[in-house]
Structure formats: C-alpha cells, structure tokens
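> Quick one, fold the following:
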Amino acid sequence: MDELQAAFLSVKLPHLERWNHARRVAAARYDRLLRGLRVAHPAPAEDERHVYHVYAVRVRDRDAVRGRMAPAIATNAHYPIPVHLQPAFADLGYRRGDFPIAEAFCDETLSLPMFPGIGDDQIDVVCRRLGEAIQQTLIIAGEAA
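Next comes the predicted model:
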C-alpha cells in the first residue's frame, strides 16, 4: 500500500463500523422483502456478523433476470468463474462439470445494489424489479407460478 492509499484509508477507517451496521440494516430489509420470491440469499450463522460487502442472491437464469433489471437497476455477477476454472489453475486439468455445485453458484449468483447509504425506497424498488424480472423469466420459460 502506498502513502496515498494509506491516507485515504485512515480517513475512512473511523466510519467502518457505522458503514457495516448500515449494510446489515439494508440486508435485513432485503431479507424481509425477498421472502416468497424464488431466490436464495445469505443467511449468516447466529454467532456471526456479516458485513454484506456484496448482497448476493441465487436465481435461476441469472443472466436473463439481470438483463430484465437493466438498465434501471445496476446488478453484478461477482465471481462468475469458479476457482477450478480460473486460468491460474488450468494446469490442474479441471473442466466444467468437475465441481457442479461451485459452477451452479457461479452461474446463478446475482449481486444486488449494496452500499452503506442505500435507502429503504431504493431497496424496495430493487426487490420489486427483481420479482418482476424473475416472473417474466419464468413466463418465457413456461414455468409461471
């Protein structure tokens, strides 16, 4: 780390606990609003505190859902390539299909907007749009609930 990065971090560090708390509050709202949707979302153990740097959900046909949310809602596909398929591990000889659970997580994980200042109304819109995108995707796939 250079001196400039250290200076920025020394200014930000006193705010870290407050920012982490704000993310936990936002995640709790996401948790409440996403109940009943066809998504899986993080559930930390009772004795752990998640900081929710990313609020990721698992959805079938992630890319279609993501496309239906854009451009109104900025989402991301963090970590889209499982470790065993990363170029750095190519010499190990693993192929797609060798670790299907890891591959499914990478294929289905969608990161929703998450930052310390996200407001309740913003989370409400994200969840509503996510629900609509999932429903549209299911209808197109012939699986409407």
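
> Once you drop chain neighbours, what's closest to residue 117?
Residue nearest to residue 117 in three dimensions, not counting chain neighbours: residue 22, with 7.0 Å by CB to CB, 6 or more residues apart in numbering. Using the backbone N, CA and C atoms, a C-beta is placed for each residue, glycine as well.

> so which helix or strand takes in that neighbour?
According to DSSP states H and E, residue 22 maps onto helix 16-34.

> now residue 111
According to DSSP H and E, residue 111 maps onto strand 109-112.

> how about low-confidence regions in this structure?
144-145 (pLDDT under 70).

> in it, which spans are strands?
Along the chain, counting by DSSP state E, strands occupy 55-58, 109-112.

> which secondary structure elements does the last one contact?
Other elements packing on strand 109-112 under the criterion 3 or more CB pairs under 8 Å, 6 or more residues apart in numbering; DSSP states H and E are strand 55-58, helix 62-69.

> chain center to that strand, what's the gap?
Relative to its chain's centre, strand 109-112 lies at 3 Å (CA atoms, centre = their mean, to the nearest Å).

> hey, C-alpha coordinates of that strand in PDB?
Presented in PDB, the C-alpha positions along strand 109-112 are these (Å, rounded to 0.1, in the frame of the first residue of the first chain):
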ATOM      1  CA  THR A 109     -25.300 -15.700  -8.200                       C
ATOM      2  CA  LEU A 110     -26.500 -12.100  -8.800                       C
ATOM      3  CA  SER A 111     -25.200  -9.200  -6.700                       C
ATOM      4  CA  LEU A 112     -27.900  -6.600  -5.800                       C
END
